[in-house]
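[1] Need a 3D model of the following:
(2 chains)
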Amino acid sequence: DVKVTQSSRYLVKRTGEKVFLECVQDMDHENMFWYRQDPGLGLRLIYFSYDVKMKEKGDIPEGYSVSREKKERFSLILESASTNQTSMYLCASRLGPSYGYTFGSGTRLTVV
Amino acid sequence: QKEVEQNSGPLSVPEGAIASLNCTYSDRGSQSFFWYRQYSGKSPELIMFIYSNGDKEDGRFTAQLNKASQYVSLLIRDSQPSDSATYLCAVNGGRAGGSYIPTFGRGTSLIVHP
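    Here you go, the predicted structure:
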């Protein structure tokens, strides 16, 4: 069965810390994505990557960066965590542009 | 700005009934349409996709697409309490660079009561 694995289910970090969220997929998918999901706001795209070493900004990239050095791994970096980055972070991958997503189980990040 | 609209609900149906979830979209060039189910506290799970006008059936689920009217719907037959979840509609449009990125609706909450 295809799988997207996010390294942490729950994280608590302090304001100003650098935070790394890791995502690994075992499906040889080209495209990978990072979203955050907040009540009332739905899913918002932070960054995506359609190939190794490629990255594109989504709708809300400010305060975030990403890295994709290998096809299977897509990392989200919060350069200096702030309380307004408290959220559920969802990683997703897909085979190609016409396919649906497989989501990871999510990381609930709390910044205090 | 591409938009995907869903009624937030909750939509409440009795067990065994047909649940009908609707979604409208603004981008006439949209090509691919998806339905995800999200249980409370869990991540979304793809349950249906449809590319062509008409109906597509998979078990108790039927996706319906009408591109002329710009709506897509999901019917759940013989609804079960285990179908209680939020259902997200996602529509693939175009984006600069040719990376087709879906626009998600905010979801409809479905409650199936015994």
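[2] And what about A:Thr15, helix, strand or coil?
    coil (DSSP: H, G, I helix; E, B strand; the rest coil).
[3] Look up how far chain B lies from it.
    Distance of A:Thr15 to chain B, computed by CB to the nearest CB, to the nearest Å: 25 Å. Using the backbone N, CA and C atoms, a C-beta is placed for each residue, glycine as well.
[4] Report the contact partners of that residue.
    Contact analysis of A:Thr15 by CB atoms under 8 Å, 6 or more residues apart in numbering or on different chains lists A:81-83, A:111-112.
[5] A:Arg68 now?
    A:Arg68 neighbours (CB under 8 Å, 6+ apart): A:32, A:49, A:52-55, A:74-75.
[6] just to revisit the earlier point, dump the contacts of A:Thr15 into TSV; add distance to chain B, secondary structure and neighbour count as well.
    Listed next are the contacts of A:Thr15 as TSV, based on distance: CB to the nearest CB, whole Å; DSSP: H, G, I helix; E, B strand; the rest coil; neighbours: other CB atoms under 10 Å in any protein chain shown:
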residue	distance to chain B	secondary structure	neighbour count
A:Ala81	22	coil	21
A:Ser82	24	coil	13
A:Thr83	22	helix	9
A:Val111	20	strand	19
A:Val112	21	coil	10
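[7] Can I have the buried ones of the contacts of A:Arg68 as a ChimeraX selection?
    One line in ChimeraX is enough to select the buried ones among the contacts of A:Arg68; burial here means 16 or more other CB atoms under 10 Å in any protein chain shown:
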select /A:32,49,55,74,75
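[8] Give the other helices and strands that the lowest-mean-pLDDT helix or strand in chain B contacts.
    Among the helical and strand segments of chain B, the one scoring lowest on mean pLDDT, DSSP states H and E is strand B:102-104, with a mean of 92. Here strand B:102-104 touches strand B:85-92, going by 3 or more CB pairs under 8 Å, 6 or more residues apart in numbering or on different chains; DSSP states H and E.
[9] what pairs with the strand it packs on, and is each one parallel or antiparallel?
    According to DSSP bridges, strand B:85-92 forms sheet pairs with strand B:32-38 (antiparallel), strand B:102-104 (antiparallel), strand B:108-113 (antiparallel).
[10] Please point out the stretch among those strands with the lowest average pLDDT.
    Mean pLDDT is lowest for strand B:102-104 out of the strands paired with strand B:85-92, coming in at a mean of 92.
[11] Which residues outside that one are in contact with it?
    Under CB under 8 Å, 6+ apart, the answer for strand B:102-104 is A:42-43, A:101, B:2-4, B:25, B:27, B:32, B:34, B:88-93.
[12] sorry, back to before: can you put the strands paired with strand B:85-92 in TSV and add mean neighbour count?
    Converted to TSV, the strands paired with strand B:85-92 look like this (neighbours: other CB atoms under 10 Å in any protein chain shown):
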stretch	mean neighbour count
strand B:32-38	23
strand B:102-104	23
strand B:108-113	18
